[in-house]
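**Student:** Predicted structure and sequence below. I'll ask about it afterward.
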Amino acid sequence: MAFIADSDYNVQIRAEISKIIDETTEKTKLKRAVDMAVAQMKNYLGGRYDVDAIFIDAPGTGEEDLRDQFIVMSVIDMALYHLWSKEGGNNIPKTRELRYADILDWLKAVQKGAATNLPLIVDDDGEMKSQVKISSQYERTDNRY
């Protein structure tokens, strides 16, 4: 099962546009673009956040849906941008360019530690794993007198 369900596209893309972007009946191009978008988001979020918990392969319906809806929307926007970019830079709708740029800005901010409700990586004891390691090229000195 995939992270994005077919019904998720109904909010952001009309059926006739979907047929123009991916004319195959199996939607192989769209599924491939979603896989690339998920991989791109995992690269940004992977060091600090539990990507296995974020990108669960169990889209439900209604109240059963455990996925973060902002992440679902972002993955679809990124996938659609990637599909449109295949057609050439001049043919990408301005809305897709703006939404893609907004997502990249958000991902960069989250990567730097901006507040979000995404699950952090925790160890077996339930403690947050620290991914920050401080190092220096200089030898440590003790300046106490």
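**Tutor:** Perfect, I can see it now. Numbering: from 1, shown residues only.

**Student:** from here on, contacts and neighbour counts on C-alpha atoms
**Tutor:** Will do.

**Student:** Confidence-wise, which helix or strand of the protein is lowest on average?
**Tutor:** Here the helix or strand of the chain ranked lowest by mean pLDDT, DSSP states H and E is helix 15-21, holding a mean of 66.

**Student:** ok, then the element right after that one?
**Tutor:** Proceeding N to C from helix 15-21, the next assigned helix or strand is helix 28-45, under DSSP states H and E.

**Student:** so what's the nearest residue to residue 68 once chain neighbours are set aside up against?
**Tutor:** Nearest non-adjacent residue to residue 68, counting by CA to CA, 6 or more residues apart in numbering: residue 54, 7.2 Å away. Residues near residue 54 by CA atoms under 8 Å, 6 or more residues apart in numbering: 67-68, 118-119.

**Student:** Tell me the buried residues within these.
**Tutor:** Neighbour counting by 16 or more other CA atoms under 10 Å classes 67, 118 among those as buried.

**Student:** out of the contacts of residue 54, which one sits closest to residue 50?
**Tutor:** residue 119 (5.7 Å; CA to CA).

**Student:** isn't that closest one right next to residue 53, touching?
**Tutor:** Yes: between residue 119 and residue 53 there is a contact at 7.1 Å, judged by CA atoms under 8 Å.
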